[in-house]
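Engineer: Got a predicted structure here, sequence first:
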Amino acid sequence: MQPAKQPTNQSATTALPANPLGEARAFYRKGNFDAAIAKYQEILKDRPNSPDALAGMVRVYLKQKNVDLAARTAEQGLKLTDAPRIHVAQGEVLFRQGRIHAAETEWINVINSGYPEARAFLGLARVRNALAMYKGAKDMLDHAHQLDPNDPDINDAWIGVLSRAERIAYLEKSLAGDNNWNADERGDVSNYLQYLRERAKQKNQSPCRLISKITATETPLVRLLEDPRHMRGYGLNVVLNGHKSALMLDSGASGILVRHTIAERAGITKISATKVWGIGKKGRRDAYVGVADSIKIGELEFQNCPIEVVESGSVVGDEGLIGVDVLENFLVDIDFPNEKLKLSPLPARPGESQTNVTLKSEDNSDDDVDDSNENKSDVGKSSNTKSDTKSANAKSGAATPIGLRDAYIAPEMKNYSRVFRFGHDLLIPTSIGQVPQKLFLIDTGSLVNFISPEAAREVTKVHGDSDIVVEGISGHVDKIYSANKAILIFGHLKQENQDMTAFDTKPLSDSIGTEVSGFLGFTTLRMLDIKIDYRDALVDLTYNAKLFGK
C-alpha cells in the first residue's frame, strides 16, 4: 500500500482556472456595476450568445436604472438565444416597464418548462405581492431562496419574512460586509436599523394598537384651501398627544408626517433619523421618527405609534400629511362629495372570525409579537414611495398585511377594481387611447392629474410649458410639459382631459420598481366616493351624476 501523500503548497503557486462569470457576479453583488459590465462584455466577446452574460448585463442596467438599455439588451439576447435565463431577464424588464402580466407570463413559462431558475420565482413573488396574494408570494420566495440563497436581490426580499431580531442581525451583517446598495440606500438601511434597535429597547411598551372599543367610525373631512376661493385637498383632524392638527389626507403618501413645530407642540421627541423626499429637484430632506403616545382620528384612539417629522421648513399640506394607508386595516370609504371619511371592518374571510383592527405602522410588522403570523415587507434600503413624500426609514416594495393570506374578494366587493399595490401606493390600470394599458397612481394629495411625457407622446402631442409650476416636498419640478387632449379610462369610469400636465415620473418609477405613467389627482378624485380595501388590493370608484347635476 502506498503511503498517503502529504499536502503541498502547490495551490499557492498554481493559478486557478479563470472564472469571468463568477467575477462578474461578484462585482454585481458588491455594487461595482461598471466592472460587472466590463466582465460580461469580456465573456460576450468569446461567447456572443452566452445567456448568463446577457442576462447579467440586463440586471446590471436595471440596477443602474437604465431601463432602455436593459430592454435593448434583453431583446438582443432573445434574438441570439431562446435560453430560459434570457426570458427570466426579459420578465424583469417587462415588470419595470409596468407590463406586469406580460412579465408574469415569461416567468410562468420558464417554471413550467422545468427550468429551476431562482429569479423566476422571485419575479412571481413580486407579482403576487402586488396583487395582495401574500401566501402565494411567500411560497414563491421560499423556492427562490432555496435555489439561490446568495442572490442579493432574493435576500433583500427574504428579509421581509424575518422577525425584528433576525432583521436587525441581517442588516448589521450586510452593512459590515459587501452589498450592492448605493450611498443613499446604505444611509436608509442605517437609519432603519437604528429605528429597529430603538423600538426593540422599548420592551415595556406595547406596539402601536387601537385602544378604543369602537371598530368603526365616521368623521368629517376638512377642507384645505389654496386661497379663499380654491381648494387644494381634504384633510383630517388628527389629535396627537392631545393637540389637534389638520393633516392632508393623501393616498400617495405613507404614515403620518408633520412639520417640526407640530411635533414640538405635541411633545414628540426623536428616536431615530430618516430622510423624506418626493417630487421636486431639491432631493432628500432631513427628518426624524418619533412616537406619539396617543393618536385620535374621529372616535378611534391609538397608542404608542411612530410618526415622522420634517426637521425644518414645511411640508406640502402645511401642518402635515396622513397617508390613507395608515388606516389599511379598515375598509376605508373616502366620500368626497359628502365630505366624510368612513371606516369599517373589512369583510371576514370564509371560516375566519373578524380580524382585530389596528393602526398601520412599522410596529405591526416589526415587533416580535405574532411574528409567525405576519408577512413582513422588504428591506428598508429603498425609500418608501410617496407622491409628495417618501420616507427613507420605511420599507419598500411589499405591503404589510394582517397575516400570510391571499386576497379575498367578498361577494359585496365583486364589482370592485383590482389594483397593484406597492407598499402604500395603489396603481390602477388605465387606458389612454388605443395603446396598451398604463399604471396610474391614485393620489388624493396631488392637486391635478399628471402624465409622463413618454406615455403622453404615445397618444397626443407634448410641448414644453414654462408657465406651469409643479411643486412637491422636494421643491419645484424641472421640465414641465403640456399634453394635448387625453381620454383616461380607469375602473368603471372614463374621463376626458382637454390638456394634462406632464413631467418625468422616472424617479418615482425607479423607487417603486415598476413604471408609473401618471397620477389621478384631487380634481378628478374629489368627484368620487372612493372605497379602498388595502388588504385585498381592491378599490371602488363611484361617480354620482346626480350630485353634480349631470
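Structural biologist: Done, it's in.

Engineer: For the rest of this, base every contact and every neighbour count on C-alpha atoms.
Structural biologist: Noted.

Engineer: which residues of the stretch 51-200 of the chain fall in helices?
Structural biologist: Ranges of helices in the stretch 51-200 of the chain, per DSSP state H, counting those that start in this stretch, are 51-63, 67-80, 84-96, 100-112, 118-130, 134-147, 152-158, 164-176, 183-201.

Engineer: between these, which one is nearest to residue 216?
Structural biologist: Evaluated over the helices of the stretch 51-200 of the chain, closeness to residue 216 peaks at helix 134-147, with 25.6 Å, by CA to CA.

Engineer: Would you map the helices across the stretch 451-550 of the chain?
Structural biologist: 453-457, 506-512, 522-525.

Engineer: how far is the shortest one from where the chain is centred?
Structural biologist: Once both centres are worked out by CA atoms, centre = their mean, to the nearest Å, helix 522-525 turns out to sit 22 Å from its chain's centre.

Engineer: One more: the second one?
Structural biologist: Distance of helix 506-512 from its chain centroid, counting by CA atoms, centre = their mean, is 9 Å.

Engineer: Same question for that helix: list its buried residues.
Structural biologist: Across helix 506-512, burial judged by 16 or more other CA atoms under 10 Å covers 506, 508, 509, 510, 511, 512.

Engineer: same question, the shortest one
Structural biologist: Within helix 522-525, the residues that qualify as buried are 522, 523, 525, counting by 16+ other CA under 10 Å.

Engineer: Would you quantify the distance from residue 84 to residue 112?
Structural biologist: Distance, residue 84 to residue 112, by CA to CA, to the nearest Å: 11 Å.

Engineer: Tell me which of these two has more neighbours.
Structural biologist: Neighbour count, other CA atoms under 10 Å: between residue 84 and residue 112, residue 84 has more, with 23 against 9.

Engineer: number of nearby residues for the residue nearest to the more buried one when sequence neighbours are not counted?
Structural biologist: In space, and not counting its chain neighbours, residue 84 is closest to residue 110: 5.8 Å by CA to CA, 6 or more residues apart in numbering. Neighbour count of residue 110, defined by other CA under 10 Å: 20.

Engineer: again with residue 151
Structural biologist: The burial count assigned to residue 151 is 16, neighbours taken as other CA under 10 Å.

Engineer: Please name the residues that touch it.
Structural biologist: Residues in contact with residue 151 (CA atoms under 8 Å, 6 or more residues apart in numbering) are residue 29.

Engineer: returning to what we had before: tell me which of the helices of the stretch 451-550 of the chain approaches residue 128 most closely.
Structural biologist: Nearest to residue 128, of these and by CA to CA, is helix 506-512 at 15.1 Å.

Engineer: and the closest one, average pLDDT?
Structural biologist: For helix 506-512, mean pLDDT is 91.

Engineer: Flag the shaky bits of this protein, pLDDT-wise.
Structural biologist: Counting by pLDDT under 70, the chain contains low-confidence residues at 1-18, 203-206, 277-283, 313-317, 353-403, 464-481, 498, 545-550.

Engineer: which one's the longest strand in it?
Structural biologist: strand 285-297 (DSSP state E).

Engineer: Kindly report the domain assignment for this structure.
Structural biologist: Structural domains annotated on the chain: 20-180, 209-391, 411-548, as defined by automatic domain parsing.

Engineer: Switch the ones you listed over to TSV; also include distance to residue 404.
Structural biologist: Putting these into TSV (distance: least, CA to CA, whole Å) gives the following:
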stretch	distance to residue 404
domain 20-180	5
domain 209-391	5
domain 411-548	11
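
Engineer: isn't there a strand covering residue 41?
Structural biologist: No. Using DSSP: H, G, I helix; E, B strand; the rest coil, the assignment for residue 41 is helix, not a strand.

Engineer: For the spatially closest residue to it that is not a sequence neighbour, grab the count of nearby residues.
Structural biologist: For residue 41, ignoring the flanking residues on the chain, the nearest one in space by CA to CA, 6+ apart is residue 53 at 7.5 Å. Residue 53: 27 surrounding residues under other CA under 10 Å.

Engineer: list the contacts for residue 53?
Structural biologist: 21, 40, 41, 43, 44.

Engineer: re earlier: compare the domains of the chain and give me the one nearest residue 188.
Structural biologist: domain 209-391 (5.2 Å).

Engineer: Now do the closest one: distance to the chain's middle.
Structural biologist: 16 Å.

Engineer: can you check stretch 37-51 too?
Structural biologist: For stretch 37-51, the separation from the chain centroid amounts to 34 Å (computed by CA atoms, centre = their mean).

Engineer: Same question for stretch 113-129.
Structural biologist: Centroid displacement of stretch 113-129 relative to its chain, using CA atoms, centre = their mean, is 19 Å.

Engineer: go on, stretch 96-116?
Structural biologist: 21 Å.

Engineer: Determine the number of other residues adjacent to residue 269.
Structural biologist: When neighbours are defined as other CA under 10 Å, residue 269 has 15 of them.

Engineer: Which residues are in contact with it?
Structural biologist: Taking CA under 8 Å, 6+ apart, we find residue 269 in contact with 263, 290, 291.

Engineer: Scan the residues you listed and report the most crowded one.
Structural biologist: Using other CA under 10 Å as the neighbour test, these are led by residue 263, with 25 neighbours.

Engineer: my guess is it is in a helix, correct?
Structural biologist: Yes. According to three-state DSSP, residue 263 belongs to a helix.

Engineer: picking that back up, possible to save the helices of the stretch 451-550 of the chain as a markdown table with distance to residue 147?
Structural biologist: Below are the helices of the stretch 451-550 of the chain laid out as a markdown table (distance: least, CA to CA, whole Å):
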| stretch | distance to residue 147 |
| --- | --- |
| helix 453-457 | 38 |
| helix 506-512 | 26 |
| helix 522-525 | 45 |
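
Engineer: how close does residue 533 sit to residue 409?
Structural biologist: Using CA to CA, residue 533 is found at 10 Å from residue 409.

Engineer: quick one on the thing from earlier: switch the buried residues of helix 506-512 over to TSV; also include distance to residue 429.
Structural biologist: TSV is the format used below for these (distance: CA to CA, whole Å):
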residue	distance to residue 429
506	18
508	17
509	15
510	18
511	19
512	15
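
Engineer: Nearest to residue 183, out of the residues you listed: which one, please.
Structural biologist: For the buried residues of helix 506-512, the minimum distance to residue 183 (CA to CA) is 14.8 Å, reached by residue 511.

Engineer: Tell me which residues are up against the one helix or strand residue 247 maps to.
Structural biologist: Using DSSP states H and E, residue 247 maps to strand 243-250. Under the contact criterion CA under 8 Å, 6+ apart, strand 243-250 has outside partners 222, 224, 233-239, 258, 262, 265-266, 317-324, 443-445.

Engineer: Just want the angle from that strand to strand 285-297.
Structural biologist: Relative orientation of strand 243-250 versus strand 285-297 (axes from the mean of the first three to the mean of the last three CA atoms, to 10 degrees): 110 degrees.

Engineer: which neighbours does strand 243-250 have in its sheet, and in what orientation?
Structural biologist: Each strand that pairs with strand 243-250, with its direction, by DSSP bridges: strand 230-240 (antiparallel), strand 320-323 (parallel).

Engineer: for these, which one sits closest to residue 308?
Structural biologist: Comparing those by CA to CA, strand 320-323 comes nearest, at 9.7 Å.

Engineer: packing partners for the following helix or strand past the closest one?
Structural biologist: Using DSSP H and E, the next helix or strand after strand 320-323 towards the C-terminus is strand 330-335. Here strand 330-335 touches strand 340-345, strand 528-533, going by 3 or more CA pairs under 8 Å, 6 or more residues apart in numbering; DSSP states H and E.

Engineer: repeat that for 10 Å
Structural biologist: For strand 330-335, the packing partners by 3 or more CA pairs under 10 Å, 6 or more residues apart in numbering; DSSP states H and E come out as strand 217-220, strand 340-345, strand 528-533, strand 538-543.
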